[in-house]
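S.K.: Below are the sequence and a predicted model; questions follow.
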Amino acid sequence: MKTLALIALTALSTQAEIFYKDYMETDPFSSGRWVTSNWKQDTGEAAKFEWSSALWTPDESRKGLRTPTDAKFYAATSKLDRSVDNTDQTLVFQFSVKHEQKIDCGGGYVKLLPPDIDPKNFNGETKYTIMFGPDICGPSAKKVHTIFNHQGQNLLKKTDVACPDDEFTHFYTLVVKPDDTYEIWIDGESKANGNLKDDWDFEKPKTIKDPNAKKPSDWVDNEMMNDPNDVKPDDWDNEPEKIADPEAVKPDDWNDDEDGTWEAPMIPNPKHKGPWSAKKIKNPLYKGPWIHPEISNPEYVEVKNVYKRGPIGYVGIEIWQVKAGTLFSDFLLTNDINEAKSEYKSRSSTISKSKEEEAKKKYDELHKPATPETPTDHDEEPHDEL
């Protein structure tokens, strides 16, 4: 009976659950689901997200949080119905981002926050447990941020995951598992996976270079050496580096009295051998590269269960953008990978890239600048004759 009870309890603890879901079907601000932070509002440095559909979309019913004003900060949060603790269960965080403005510099990431934050004072210094999503600035910085807070430090992923930089909708999914592994998806495709402790510095290194070890003064790490038996030939320097061009001819109109004595221009001497150097041979004293010996790191402490993200109470967006026009939507926080996959498939079906390309084409055609007409002769105003 105890075994059956344990099995039932385990099944209950890992039951699929949706912790948070907001597809922006109703106004998030008037309903109080999302709260705009007062941060930088008084100085005019921050603007407010607007609940809006995209400028061009194949599905007009889809809406999201949109950045409407250039060169502004944006900060808003949404509270979960209850705090979430991901102990012993998978955590899946998913949302969509559309940089409709063809963003040149700005964030598209979202944060998972502890339950004790102050939504009205939410800002760039507010503690978070995960920051995830695209960040673009210039032609070279185009990556998916995945940052975990650990003991007060925000740990960046050691290697970058590239993010799309086009004008279409993309879904970003982060999966964190109880075995301390992770996976990052973009548009349902895996872009990175592995062990959390391998790809983030949750632990200090197990070994360090021995501070008391030094390379011996007689250590030879030059693999090759000059051949001591090689001698510079006696005639090596007989030829000058440059010679007068033998094909040059004095111009017919050259006047020695007026132009001075004519001299042929100098050209590189093909017989000049350049600086002499002895041939290289293998160094018999070569010991190979010196490797600094390592010792156990006295500061190393094993960290277990780094997947645990502590209590999560809010979803928040805190970004700055040079050019506004980004649309955030399709927020989902769950412990069920299959649920996230199913929701991605369903939500992306109405806004596939081909459908969005067609919608953009229609929008661009409708909003293209009018072509100025070329005036004809009879369009010109008549002139009064004198």
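M.R.: Nice, thanks for sending it over. Residues are numbered from 1 along each chain as shown.
S.K.: Give me the below-cutoff pLDDT ranges for this protein.
M.R.: Applying pLDDT under 70 to the chain picks out residues 1-14, 372-386.
S.K.: So which residue is dead centre in it?
M.R.: Central residue of the chain (C-alpha atoms, centre = their mean): Lys143, 1.6 Å from the mean position.
S.K.: so how far is Trp34 from Met131?
M.R.: Noted for Met131: a distance of 18 Å to Trp34, by C-beta to C-beta, to the nearest Å. In short, each C-beta sits where N, CA and C put it, glycine included.
S.K.: cool, Asp165 as well?
M.R.: Using C-beta to C-beta, Asp165 is found at 27 Å from Trp34.
S.K.: who's more crowded, these two?
M.R.: Ranked by neighbour count (other C-beta atoms under 10 Å), Asp165 and Trp34 place Trp34 first, with 22 against 15.
S.K.: Would you agree Glu76 is in contact with Leu65?
M.R.: Just so we're on the same page, residue 76 is Ala rather than Glu. Yes - between Ala76 and Leu65 a contact is recorded at 7.0 Å, counting by C-beta atoms under 8 Å.
S.K.: Can you work out which residues contact both of the two?
M.R.: Overlap of the contact sets of Ala76 and Leu65 (by C-beta atoms under 8 Å, 6 or more residues apart in numbering) consists of Trp34, Phe49, Ile317.
S.K.: In strands, which of the residues you listed appear?
M.R.: Using DSSP state E to define strands, the subset of these located there is Trp34, Ile317.
S.K.: Of the shared contacts of Ala76 and Leu65, which is the nearest to Val176?
M.R.: Nearest to Val176 out of the shared contacts of Ala76 and Leu65 is Ile317 (C-beta to C-beta; 19.7 Å).
S.K.: which residues touch Lys127?
M.R.: Counting by C-beta under 8 Å, 6+ apart, Lys127 has contacts Leu113, Pro114, Ile117, Asn149.
S.K.: from those residues, which ones fall inside helices?
M.R.: Residues of those located in helices (DSSP state H): none.
S.K.: okay, those residues in CSV with distance to Val322 and neighbour count next?
M.R.: Formatted as CSV, those follow (distance: C-beta to C-beta, whole Å; neighbours: other C-beta atoms under 10 Å):
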residue, distance to Val322, neighbour count
Leu113, 25, 27
Pro114, 30, 17
Ile117, 27, 20
Asn149, 27, 19
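S.K.: can you tell me which two in the residues you listed are farthest apart?
M.R.: Based on C-beta to C-beta, the longest span within the contacts of Lys127 runs between Ile117 and Asn149 and measures 12.6 Å.
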